[in-house]
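[1] Turn this into a model:
(chains A and B)
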Amino acid sequence: MSKNTPKAIRGTQDIFGADAEAFAFVVETFERVRKLYRFRRVEMPVFEKTEVFSRAIGETTDVVSKEMYSFEDRGGDSLTLRPEFTAGIARAYLTNGWQQHAPLKVGTHGPLFRYERPQKGRYRQFHQIDAEIIGAAEPQADVELLAMADQLLKELGIEGVTLHLNTLGDADSRENWRAALVAYFSAVKGDLSQDSQDRLEKNPLRILDSKDPRDKAFLPDAPKIDDFLTDGAVSFFESVTGGLDAAGVKWQRAESLVRGLDYYRHTAFEFIPDEGTAAADALGAQSTVLGGGRYDGLMESLGGAPTPAVGWAAGIERLAMLVGKTGDSESRLAVLPKREELLPLAHEVLAALRLDGLQAEAPFRFQNPSKAFQKLKKRGIPYVLDIDPPDFEGELGHARLIYGEASYEEITELAVQIEDALERQFTLKFMGGKPHNSTGWGISSRK
RNA sequence: GCGAUCGUAGCUCAGUUGGUUAGAGCGCCGGUUUGUGGUACCGGAGGUCGGGGGUUCGAGACCCCUCGAUCGCCCCA
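    Numbering: from 1, shown residues only, chains lettered A, B, ... in the order given. So this is what the prediction gives:
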């Protein structure tokens, strides 16, 4: 690489080959499941006014205070590359009058940007799939959203990942619990880790899932959310868990699971790989693969009417790491000219095959047939249609199907398809007999 | 933002205690061989050692700075 070639920006990825296939597989599967659950597709801007995020997510959160890509545009407005989907969707809901569609179920996917230290499963430009239900206060909405997430993971073939579920209660429950946690941890502040002493100010709930042994000692006796839930919050959570059981979605209670962003209420959840599994290994420290919850308080922070909503987002890269090798996609069939002068005919044949819906490819220039063939085999392309010189005067050429270990049925089916395709463009000779007996065709003239 | 490890051809790596024109395998290109053929052989292109500075008669190898990667912390998807 030349010294003056610009390098990629830190934390960005150029996804190619098998990784790109896995990425596409995640997106395609999400699109399919999304339609199954009748979530409507939305496309959102990649940047918004900075206040959309600072007001919705919370000024004190790490995301807003130190991870946003914010800049001033030429008009002097402060804009920010979206660090998440929900705030932008909430803004769109309010500015476009989408209230008329409530309850509105939407899904989208695309890039997000966060200025963080890159790590396994963590990038500065990363990609998420996202699903939201806006304008539904019913616990059944939470259930449907989670059932969708659960089905998505199953259809992706991801195993060893469990739904960790918690409730943060309604605004009152959450506030009282938070106050109790602050009081509890303040009493032992000096014995906490430095991180947790900071969290005491900014985000006391987060102390609950600290990994520091100094903090862990105090966790078992910390105030539990269950003791602060109002009757309404309790029955809401019971409806959610009951609905999940009825829907066959496996879950486990995670009392210390909280969300980092301020706008969450009631249901909070994460799908996390079980310890010791291949999935946990693949993800390293970035273990949450899909997370979300109910954010009834968000619309008000953007100046809208109180609007209940639930949603989740999942990291496409993280999911892609779990779906295993999907393999790079290769052609099944290649057309190979045996001599340089047959290259044009090979491309005519190729065009005929494609017009008939067959996936195929041919080299752009002539190459030693033996080496060209080797290359195709190495790439795992199973079928080659050789274009040979004509057997008789006046013919254009001769096409022969070369195959490896394929089954009789497979060869026959492909041979018939090729024959059909060629017959539309060319007059063929030696067509008699069954395909498996005569996998070659004399190409006598164009039609 | 903090810590640890690492950075040599397209890829995976080797380069003795610093010493002549920086190596291998794979890949790539050309040729021969073979001619339902992933074979074998011959030849070739391609690195100045992430970048900058320093120590030295002399540095890919030592020191400093910087950029990047990886893995943790933090945060989160």
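[2] What is the burial count for A:Glu67?
    A:Glu67: 14 surrounding residues under other C-beta atoms under 10 Å. Glycine gets a C-beta too; all of them are placed from N, C-alpha and C.
[3] Tell me the pLDDT of it.
    Per-residue pLDDT puts A:Glu67 at 93.
[4] Is it correct that it is in contact with A:Arg122?
    No: judged on C-beta atoms under 8 Å, A:Glu67 makes no contact with A:Arg122 at a distance of 11.1 Å.
[5] and for the two, which residues touch both?
    The contact sets of A:Glu67 and A:Arg122 overlap at A:Glu116 (C-beta atoms under 8 Å, 6 or more residues apart in numbering).
[6] For A:Met229, give its distance to A:Lys211.
    Not Met; residue A:229 is Leu. 27 Å (C-beta to C-beta, to the nearest Å).
[7] quick one: low-confidence parts of chain A?
    A:1-4, A:260, A:325-330, A:404-406, A:430-438 (pLDDT under 70).
[8] quick check, A:Ser65 in a helix?
    Yes: secondary structure of A:Ser65 (DSSP: H, G, I helix; E, B strand; the rest coil): part of a helix.
[9] what ranges do the strands span in the stretch 51-200 of chain A?
    Using DSSP state E, counting those that start in this stretch, the strands of the stretch 51-200 of chain A run over A:69-72, A:78-81, A:104-113, A:125-134, A:161-167.
[10] The fourth one and RNA strand B in contact?
    Yes: counting by C-beta under 7 Å from any atom of the strand, RNA strand B has neighbours in strand A:125-134: A:Phe126, A:Gln128.
[11] List the buried residues for that strand?
    Under the neighbour-count criterion of 16 or more other C-beta atoms under 10 Å, strand A:125-134 has A:Phe126, A:His127, A:Gln128, A:Ile129, A:Asp130, A:Ala131, A:Glu132, A:Ile133, A:Ile134 buried.
[12] can you tell me which of those lies nearest to RNA strand B?
    Closest approach to RNA strand B among the buried residues of strand A:125-134 (C-beta to the nearest atom of the strand): A:Phe126, at 3.5 Å.
[13] OK, contacts around the closest one?
    By C-beta under 8 Å, 6+ apart, the residues touching A:Phe126 are A:Pro111, A:Leu112, A:Phe113, A:Arg114, A:Gly315, A:Ile316, A:Glu317.
[14] My guess is the fifth one contacts A:Gly292. True?
    If I follow you right, that is A:Gly315. No: A:Gly315 lies out of contact with A:Gly292 (C-beta under 8 Å); the separation is 12.0 Å.
[15] Just say helix, strand or coil for A:Gln252.
    Here A:Gln252 is recorded as strand under three-state DSSP.
[16] Could you break chain A into its assigned domains?
    Listed by automatic domain parsing, the domain ranges of chain A are A:17-170+A:230-322, A:333-446.
[17] before we move on, the earlier item: closest to A:Thr86 among the contacts of A:Phe126?
    Nearest to A:Thr86, judged by C-beta to C-beta, of the contacts of A:Phe126 is A:Leu112 at 10.7 Å.
[18] quick one: is stretch A:356-363 near RNA strand B?
    No: using C-beta under 7 Å from any atom of the strand, stretch A:356-363 stays clear of RNA strand B, with a minimum separation of 9.0 Å.
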